[in-house]
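Engineer: can't give you the sequence, but here's the structure:
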């Protein structure tokens, strides 16, 4: 086993933190996209419900 290092495939704490941060950032972006879409749908539904009674 000399000459080859198994350390290359080992996840360091720094790498693990970077991977978690990247996953959280993707989740935050996705959540914001979903919030935007649902808000737009709710606004259009509310606008459709508001009709004059006269």
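Structural biologist: Arrived safely, thanks for sending. Model, not experiment: these values are computed from the prediction.

Engineer: for the chain, just list every one of the strands.
Structural biologist: Using DSSP state E, the chain contains no strands.

Engineer: which stretches of it form helices?
Structural biologist: Chain-ordered helices for the chain, with DSSP state H as the definition, fall at 13-49.

Engineer: below-threshold pLDDT in it: ranges please.
Structural biologist: Scanning the chain for pLDDT under 70 picks out the ranges 1-9, 51-54.

Engineer: quick check, central residue of it?
Structural biologist: residue 27 (1.7 Å; CA atoms, centre = their mean).

Engineer: what's the neighbour count on residue 31?
Structural biologist: Neighbour count for residue 31, taken as other CB atoms under 10 Å: 10. Just so you know, the C-beta spots here come from the backbone N, C-alpha and C atoms, and that holds for glycine as well.

Engineer: do residue 25 as well
Structural biologist: Using other CB under 10 Å, residue 25 is surrounded by 10 other residues.

Engineer: from residue 12, how far off is it?
Structural biologist: 19 Å (CB to CB, to the nearest Å).

Engineer: try residue 20
Structural biologist: 13 Å.

Engineer: cool, residue 35 as well?
Structural biologist: Counting by CB to CB - residue 35 and residue 12 are separated by 34 Å.

Engineer: and for residue 45?
Structural biologist: 49 Å.

Engineer: also residue 33?
Structural biologist: 31 Å.

Engineer: and residue 43, by the same measure?
Structural biologist: Relative to residue 12, and taking CB to CB, residue 43 is found at 46 Å.

Engineer: which ones are touching residue 44?
Structural biologist: Counting by CB atoms under 8 Å, 6 or more residues apart in numbering, residue 44 makes contact with nothing.
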